[in-house]
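1. turn this into a structure:
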Amino acid sequence: MRQLTDTEREELTRWARSRTLAARDVFVASLILALADGKSYTQIEGELNTSRPTIARWKARFEKNGMAGLEAQHQGSKPRSVTPAVQAKLLRKTTQPPTDGSTHWSCRKLAATLGLGKSTVQRIWSQARVKPHRLERYMASDDPRFEEKAADIIALYMDPPQHAAVFCVDEKTAIQALDRLDPVLPLSPGRAEKHGFEYYRHGTLSLYAALDVKTGKVHGKTASRHTSADFIGFLTDIVERNRTDKEIHIVLDNLSAHKTQAVQEFLDQNPQVRFHFTPTYSSWLNQVEIWFAKIERDVIARGVFTSVADLSRKLMKYIRAYAKTARPFSWKYTDVRRRIVT
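-> Next comes the predicted model:
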């Protein structure tokens, strides 16, 4: 190793003691100073945690070019920026289906097609708020009286008539009484509850439900079928639970069983009962659908039922318990653009 000049030693010492230079520069300066001080390769290997080939390579570069030999020889690649034209091409391609038969693009598939990095695709999608993996479903109402019917029902929710009861009525049909053939493994620390794949179907039943908009309580009744006669029987139960002189407004859908001659005769015999039909394909206007989603999550989806009678018993038990803490739904309809016109 040749002897260092005063200028070289001063510069290398400054590098070795620096707290702001890159770690590479600090390491190289310490290595050259150690060689200049006469330390052996073995000593330098231990002090700087390096290898003999690395020591030899930096020694040769310094002896050949001096301080210039210690500078980085590769300046790195220039930062790449995606032009607006490339972004527009990528987003336009995203809206077109892939040619391999799949339904949507993944970031890797699109990156390979356009010759870009997957991170670039992800960044552009994120900036444009494009999510090809997401899917939202909708149901378009073709009811020509949509606004009229929707306004009528919303008025019942927001400003119900005085001294009147408002019920949202519907039936949840074909609820299956499924019994697991394998034992259920209970929840435990570090393990989710497990159900076997095999099941036995005992049968089905229907659940009639009437949600009291004012209190949030639900009156329920199970039935083996969902005929017009069963529906009238359920309406009779609702009427009997309310004063005969009290108006009863019922929000319900357009099921054929709700519009039979027998139902019309019931309405003629009970003039205090008034029907308010939701527009076609607009079940979201019926608040009881919210409650049906709740009982589906809480009871039906993970339930184990040994018979149809057991299913009925557990549904009614839940309804009775729900009544103790029931609260009305804070239902709002604030964005009229949610209706999709076809």
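
2. name every strand pairing with the longest strand seen in the chain and say which way it goes.
-> Once the chain is assigned using DSSP state E, the strand that runs over the most residues is strand 164-180. Strand 164-180 pairs in its sheet with strand 199-212 (antiparallel), strand 247-252 (parallel), by DSSP bridges.

3. looking at those strands, which is buried most?
-> Sort those by mean neighbour count, taking mean count of other Cβ atoms under 10 Å, and strand 247-252 sits at the top with a mean of 20. Every residue, glycine included, has its C-beta placed from N, CA and C.

4. downstream of it, the next helix or strand is which one?
-> Beyond strand 247-252 on the C-terminal side, the first helix or strand identified by DSSP states H and E is helix 261-269.

5. just the C-alphas of that following helix, formatted as CSV.
-> Taking Å, rounded to 0.1, in the frame of the first residue of the first chain, the C-alpha atoms of helix 261-269 are listed here in CSV:
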residue,chain,number,x,y,z
GLN,A,261,-109.0,-11.9,-3.8
ALA,A,262,-108.9,-13.3,-0.3
VAL,A,263,-106.5,-10.5,0.8
GLN,A,264,-108.8,-7.9,-0.8
GLU,A,265,-111.7,-9.3,1.1
PHE,A,266,-109.7,-9.1,4.3
LEU,A,267,-109.0,-5.4,3.6
ASP,A,268,-112.7,-4.8,3.0
GLN,A,269,-113.5,-6.3,6.4
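
6. tell me where the stretch 1-150 of the chain has helices.
-> Assigned by DSSP state H, counting those that start in this stretch, the stretch 1-150 of the chain shows helices spanning 6-17, 23-36, 41-48, 52-65, 84-94, 107-114, 118-128, 146-158.

7. just to revisit the earlier point, turn the strands paired with strand 164-180 into a markdown table, columns for distance to L21 and mean pLDDT.
-> Output for the strands paired with strand 164-180, formatted as a markdown table (distance: least, Cβ to Cβ, whole Å; pLDDT from 0 to 100):
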| stretch | distance to L21 | mean pLDDT |
| --- | --- | --- |
| strand 199-212 | 68 | 93 |
| strand 247-252 | 74 | 94 |
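
8. okay, those in CSV with distance to F277 next?
-> Putting the strands paired with strand 164-180 into CSV (distance: least, Cβ to Cβ, whole Å) gives the following:
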stretch, distance to F277
strand 199-212, 16
strand 247-252, 6
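
9. do you know which of these lies nearest L187?
-> Ranking the strands paired with strand 164-180 by distance to L187, with Cβ to Cβ as the measure, places strand 199-212 first at 19.5 Å.

10. whatever helix or strand comes next after the closest one packs against which elements?
-> Next in sequence after strand 199-212, counting helices and strands by DSSP H and E, comes strand 218-223. In terms of contacts (3 or more Cβ pairs under 8 Å, 6 or more residues apart in numbering; DSSP states H and E), strand 218-223 is packed against strand 199-212, helix 228-240, helix 308-325.

11. and these: which comes nearest T280?
-> Among those, helix 228-240 comes nearest to T280, with 18.9 Å by Cβ to Cβ.

12. so which elements touch that closest one?
-> Taking 3+ Cβ pairs under 8 Å, 6+ apart as the contact cut, helix 228-240 packs with strand 164-180, strand 199-212, strand 218-223, strand 247-252, helix 261-269.

13. reformat the ones you listed as JSON lines; add distance to T54.
-> Below are these laid out as JSON lines (distance: least, Cβ to Cβ, whole Å):
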{"stretch": "strand 164-180", "distance to T54": "64"}
{"stretch": "strand 199-212", "distance to T54": "66"}
{"stretch": "strand 218-223", "distance to T54": "77"}
{"stretch": "strand 247-252", "distance to T54": "80"}
{"stretch": "helix 261-269", "distance to T54": "91"}
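
14. if we can go back for a sec, tell me which residues in the longest strand of the chain are buried?
-> For strand 164-180, burial by neighbour count (16 or more other Cβ atoms under 10 Å) applies to 165-172, 175-180.
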